[in-house]
Each structure stands twice: as structure tokens, then as C-alpha cells.
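Visitor: Fold the following and give me the result.
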Amino acid sequence: MKKTFIIFSFIPILFICGLIIYNLLPQDSPAEEVTDAVIIIDEPLIIPVKTESKTVQEKPKAVLTDEDKIDLLIKSMSIEQKVGQMFIHAFRRNADGSGIIKMNQYTQDIIKNYYIGGVILFSENIESKQQVTDYIKDLQKLSSLPLFIGIDEEGGRVLRTGKLDVPRISSALSIGNTNDPKKAYDTAKTIADYLSPLGFNVDFAPVADVFTNPSNTAIGDRAFSGDANIAGKMAGYFAKGLLDNKILPTLKHFPGHGDTVEDSHFGIATTKKTLAELSECEFIPFKAGIDAGAAFVMTGHISAPNIISGNIPATFSGVLLQDVLRDTLGFEGIIITDALNMGAISNYYTAEETAVKCVLAGVDMLLMPSNLSEAYTGIIKAVKLGKIAEDRIDESVKRILTAKYNAGLIELPE
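Guide: Numbers count the residues shown, from 1 in each chain. This next block holds a predicted model:
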């Protein structure tokens with residue numbers, strides 16, 4: 001009996017010892033290690049979540065588009081440089097009347113001091129293939145930005161390469177009479193094939209006018225047809241033929257010079273047509289050329305009293321250049337004036353007035369002002385006085401530099 005009592009007396013002691021030993025033994029680890037466990041007194045329990053270290057990746061550098069690069073180039077330019085890009089100048093004759101056929105002090109001073117955007121050459125500037133090639137190379141070398149080098153090479157009676165051994169090009173009207181758009185394309189290709197190796201990159205052609213007035217001597221056989229649809233088809237294919245072969249085409253003379261009697265070289269030329277009438281005829285070839293990718297549209301110094309009041313030439317008309325040419329016809333390229341030393345302009349306006357009116361109307365490039373210095377300084381003065389917004393200048397310069405880049409004339413930094 002005593003032994004039994006002793007045995008039962010040890011049972012509670014053994015049980016208590018077992019519990020103590022059990023609690024001292026290591027427990028199984030959880031399947032996953034948990035870090036940063038938190039217990040907040042008197043608050044709901046926050047369930048711990050395992051944290052993992054993450055590699056921080058650097059954001060990729062922004063890739064600049066070509067448009068971005070052109071914008072940066074414009075920002076780096078002074079107002080003087082930007083305004084200079086808006087001019088195409090002609091170096092025609094020396095003081096003794098001889099044609100300028102090579103670089104001289106005059107050409108150097110103009111290019112360096114006015115930062116011009118381009119040069120137009122005439123027959124008096126062209127003596128031989130080697131001469132004109134060397135001359136154009138020298139012009140390009142001197143310019144800080146590559147130049148547009150333009151020429152009036154339409155065919156027929158408007159050819160500036162008469163002294164060169166190149167194919168003779170027939171008139172636009174004779175081409176139009178075939179009603180064969182391939183003929184227009186092939187003719188333009190032929191012109192481009194001899195202009196491009198000489199260093200030209202712009203042709204002030206094709207004429208997109210519709211020859212509807214037999215009394216019109218300014219245009220006549222320079223137009224493809226008196227039928228707007230045939231003229232449009234030919235102008236579009238001619239423009240494409242130049243463009244496909246490294247020459248930028250220019251549609252002229254907007255809003256249409258074919259129905260006028262007067263010659264704007266000597267005085268004001270007028271069209272009595274309404275906007276609706278122009279839309280049904282004159283605008284058709286311009287739209288065809290725009291759709292073909294023409295880089296330039298040249299304004300005509302033509303008044304349209306049934307559209308714009310005050311006998312104002314189209315070159316000064318925001319209605320025709322912005323509302324119609326840009327907004328209605330969808331032209332996004334360079335609007336360039338016809339020569340500003342022509343009588344329709346120079347007989348009535350100073351070079352400064354002309355330049356400012358052109359820019360306010362929406363012109364991008366000014367061709368052959370009667371006085372380059374006055375025109376150039378006039379625009380700069382208007383910007384500094386707040387009459388012309390600098391953003392307006394930037395719009396034109398962007399179109400100019402974009403066209404030069406697309407033509408392979410300028411390279412943009414990586």
C-alpha cells in the first residue's frame with residue numbers, strides 16, 4: 001500500500017516535468033520566414049507580409065523624335081538667323097552688268113550677314129556644267145545651314161539652262177495636249193536628272209494655273225491646259241516626277257494666274273472670280289499638286305476684289321493663304337512668294353512694308369525682295385516691337401528646316 005502511494009505521488013511530478021521539457025524543446029520552423037512582424041497593443045492585429053528586395057531600374061532616356069530635334073535647333077537660333085532663313089535671294093549681275101557666275105565679296109557678305117535660306121539662279125548665272133556646279137558648292141560651303149538652290153525650269157519659254165548641253169523641254173501646254181500624265185512625269189524626271197547633279201534642289205515649277213483667258217500673255221503656254229482637270233492631272237504628275245528624283249517642286253501662282261489679263265511683272269493683275277468659281281476651276285490643279293507632295297506653293301501677286309477687298313494682292317491675304325490654302329486645300333508645306341521685286345508689289349509698297357505684310361498673311365519664304373536689307377531688318381523690328389510674334393517666325397522656320405531635312409540637305413544630331 002505504501003509503495004502504491006509513492007508511485008502515484010510521482011505521477012503529477014512527472015507530468016509537470018514533461019510539460020517543462022516539452023516547452024524547452026525547439027519547435028518546427030514555419031514553412032516561410034516572416035520578417036518585420038508587428039503586434040500593436042489594443043489595435044487589430046497587423047498580419048505580417050514577407051518583404052523581398054527589389055532591383056530599382058533606371059527610367060529609359062527619352063528618345064527624341066526628328067521633330068523634337070528640329071525644335072531644339074530652332075531654339076538654338078537667334079532671331080536674326082531665323083528671319084534670314086525666310087529669304088531666297090538672287091545674285092544676278094555684277095556692277096558692270098555681267099552675270100555673277102562665281103563667289104565674290106557681295107555674295108559672301110549676303111550669305112554671312114543675312115543667314116539667307118536659299119538662292120535662286122538665272123540664265124546669266126549659268127555658263128557651263130562645271131562652272132555652275134562649282135558655284136553652287138561654294139555657296140553651300142559658305143552657308144551655316146544648307147541652302148535651297150532654286151531655278152525656274154518649267155520647259156518651253158522658261159528655261160534657265162539654255163547654255164548647257166541638256167535635253168530641250170517642250171512647253172507645258174504641248175505636254176498637256178497629250179493628256180498623258182506619264183508624259184508629264186517623265187518630263188519632270190528628265191529635268192530633275194540634269195538639275196540634281198548640278199546641285200539644284202528646288203524647281204519653281206510646275207505652273208498650276210489654268211489657261212482660261214486667251215488674252216493672258218503672262219501665262220499662256222506655260223500652263224498645261226485650259227481644262228482644270230487636265231491641268232490638275234498634269235501638274236500632279238509633274239510635281240511627283242520632280243519629287244521622286246530629288247528636286248522639290250513648286251506649284252504656282254496661287255490662287256491662279258490663268259484668267260487674268262494683266263502681267264504682275266509690271267503691275268497689279270486681277271481675277272474677278274468668286275471663291276466658289278476659283279474652287280470649281282483654279283484650285284483643282286493646286287489640290288492635285290498638294291496631294292502629290294509638292295513642297296512649295298508660290299503666291300501670285302493677284303488681287304481678287306470679289307474675295308478680298310482693297311485691291312490687296314493674294315500675297316498679303318490671310319484669307320487666301322490661311323483659310324483657303326492651308327485650311328481648305330490642306331497644304332502643310334512652305335508658302336513662298338513670287339518675286340517681290342515685281343511691279344505688282346514694288347510699285348506700291350516699300351520692301352519693309354511688303355515683308356511684314358507677307359509674314360502677317362502667313363508667308364513662310366520671301367523671294368527676291370526689292371531691298372533685302374530693308375525687308376530683313378523690317379521683320380526683325382516688327383518682332384521686337386511685338387507686331388509679329390516670334391512664334392509666328394518659328395512656325396515658318398520649322399517648315400523650312402523640315403523640308404530641308406526631308407530632302408536630305410541637313411542632318412540632325414543623335
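Visitor: Any stretches of the stretch 201-350 of the chain with poor pLDDT?
Guide: Residue ranges of the stretch 201-350 of the chain with pLDDT under 70: 262-264, 266.
Visitor: Can you show me the strands along it?
Guide: Counting by DSSP state E, counting those that start in this stretch, the stretch 201-350 of the chain forms strands over residues 202-203, 248-254, 269-270, 296-299, 302-303, 334-337, given from the N-terminal end onward.
Visitor: Can you tell me what sits against the first one?
Guide: Identification of contacts with strand 202-203 by C-beta atoms under 8 Å, 6 or more residues apart in numbering yields 118, 148-153, 191-192, 195, 242, 247-250, 295-296. Glycine gets a C-beta too; all of them are placed from N, C-alpha and C.
Visitor: For residue 68, find the nearest of the strands of the stretch 201-350 of the chain.
Guide: Between residue 68 and the strands of the stretch 201-350 of the chain, the tightest spacing by C-beta to C-beta is seen for strand 334-337, at 20.6 Å.
Visitor: okay, the strands of the stretch 201-350 of the chain in TSV with mean neighbour count next?
Guide: Formatted as TSV, the entries for the strands of the stretch 201-350 of the chain read as follows, by neighbours: other C-beta atoms under 10 Å:
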stretch	mean neighbour count
strand 202-203	26
strand 248-254	28
strand 269-270	22
strand 296-299	25
strand 302-303	26
strand 334-337	26
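Visitor: Tally up the residues packed near residue 161, please.
Guide: Residues near residue 161, counting by other C-beta atoms under 10 Å, number 22.
Visitor: hang on, the earlier thing: filter the contacts of strand 202-203 down to the ones in helices?
Guide: 191, 192, 195, 242 (DSSP state H).
Visitor: show me what contacts the first one?
Guide: So the one you mean is residue 191. Listed by C-beta under 8 Å, 6+ apart, the contact partners of residue 191 are 153, 155, 169, 203, 205, 241, 242, 247.
Visitor: now do the last one
Guide: Residue 242 sits next to 188, 189, 191, 192, 203, 205, 248, 249 when contact means C-beta under 8 Å, 6+ apart.
Visitor: Out of the strands of the stretch 201-350 of the chain, flag the one nearest residue 406.
Guide: Residue 406 lies closest, by C-beta to C-beta, to one member of these: strand 248-254, at 8.9 Å.
Visitor: coming back round to it: so which of the ones in helices among the contacts of strand 202-203 comes closest to residue 95?
Guide: So of those, ranked by how close each gets to residue 95 (C-beta to C-beta), first place is residue 195, at 29.1 Å.
Visitor: Does that closest one touch residue 152 like I think?
Guide: No. Using C-beta atoms under 8 Å, residue 195 and residue 152 do not qualify as a contacting pair, with a distance of 11.3 Å.
Visitor: neighbour-wise, which of these two wins?
Guide: residue 195 (24 against 17).
Visitor: all helices of the stretch 201-350 of the chain, in order?
Guide: Chain-ordered helices for the stretch 201-350 of the chain, with DSSP state H, counting those that start in this stretch as the definition, fall at 228-243, 275-280, 283-291, 318, 343-346.
Visitor: if we look at the shortest one, which residues are touching it?
Guide: By C-beta under 8 Å, 6+ apart, the list of residues contacting helix 318 from outside reads 360, 361, 362.
Visitor: how about TSV for the contacts of residue 242, with distance to residue 74 added?
Guide: As requested, the contacts of residue 242 are exported to TSV (distance: C-beta to C-beta, whole Å):
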residue	distance to residue 74
188	32
189	34
191	32
192	29
203	26
205	29
248	20
249	25
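Visitor: State the pair within those that is farthest apart.
Guide: Once C-beta to C-beta is applied, the contacts of residue 242 give 189 and 248 as the farthest pair, at 14.2 Å.
Visitor: All the helices of the stretch 1-150 of the chain, residue numbers only.
Guide: With DSSP H, counting those that start in this stretch as the criterion, the stretch 1-150 of the chain has helices spanning 2-24, 66-75, 79-84, 105-114, 129-142.
Visitor: Could you tell me the least trusted of the ones you listed?
Guide: Lowest mean pLDDT within these: helix 2-24, at a mean of 42.
Visitor: pretty sure residue 303 contacts residue 270?
Guide: Yes. Counting by C-beta under 8 Å, residue 270 is a contact partner of residue 303 at 4.8 Å.
Visitor: okay, and the common contacts of these two?
Guide: Taking C-beta under 8 Å, 6+ apart as the contact rule, residue 303 and residue 270 both touch residue 311.
Visitor: residue nearest the centroid of the chain?
Guide: Averaging the C-alpha coordinates of the chain gives a centre point, and the residue nearest to it by C-alpha atoms, centre = their mean is residue 399 (2.7 Å).
Visitor: Give me the pLDDT for that one.
Guide: The score at residue 399 is 98. That number is its pLDDT.
Visitor: ok, it - contacts?
Guide: Residues near residue 399 by C-beta under 8 Å, 6+ apart: 332, 333, 334, 364.
Visitor: do you know how far residue 140 is from residue 320?
Guide: Counting by C-beta to C-beta, to the nearest Å, the separation of residue 140 from residue 320 is 34 Å.
Visitor: meant to ask about residue 234
Guide: Using C-beta to C-beta, we find residue 234 at a distance of 23 Å from residue 320.
Visitor: between the two, who's got more neighbours?
Guide: Of the pair residue 234 and residue 320, residue 234 is the one with more neighbours under other C-beta under 10 Å, namely 34 against 27.
Visitor: In space, what's closest to that one - neighbours in sequence excluded?
Guide: With C-beta to C-beta, 6 or more residues apart in numbering as the measure, residue 224 is the residue that lies nearest to residue 234, at 3.9 Å, once sequence neighbours are left out.
Visitor: Give the burial count for residue 163, as a bare number.
Guide: Residue 163 is flanked by 14 other residues according to other C-beta under 10 Å.
Visitor: That one is in contact with residue 123, isn't it?
Guide: Yes. The pair residue 163 / residue 123 is scored as a contact, 7.1 Å apart, by C-beta under 8 Å.
Visitor: Alpha carbons of stretch 252-266, as PDB, please.
Guide: This file holds the C-alpha atoms of stretch 252-266, laid out as PDB (Å, rounded to 0.1, in the frame of the first residue of the first chain):
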ATOM      1  CA  LYS A 252       2.500  78.400-108.900                       C
ATOM      2  CA  HIS A 253       0.800  81.000-109.000                       C
ATOM      3  CA  PHE A 254      -1.800  80.700-106.200                       C
ATOM      4  CA  PRO A 255      -4.800  81.400-106.300                       C
ATOM      5  CA  GLY A 256      -4.500  81.200-110.100                       C
ATOM      6  CA  HIS A 257      -3.000  83.500-112.700                       C
ATOM      7  CA  GLY A 258      -4.500  81.900-115.800                       C
ATOM      8  CA  ASP A 259      -7.700  84.000-116.000                       C
ATOM      9  CA  THR A 260      -6.000  87.400-115.600                       C
ATOM     10  CA  VAL A 261      -5.300  89.800-118.400                       C
ATOM     11  CA  GLU A 262      -2.600  91.900-116.700                       C
ATOM     12  CA  ASP A 263       1.000  90.700-116.200                       C
ATOM     13  CA  SER A 264       2.000  91.000-112.500                       C
ATOM     14  CA  HIS A 265       5.600  91.600-113.500                       C
ATOM     15  CA  PHE A 266       4.600  95.100-114.400                       C
END
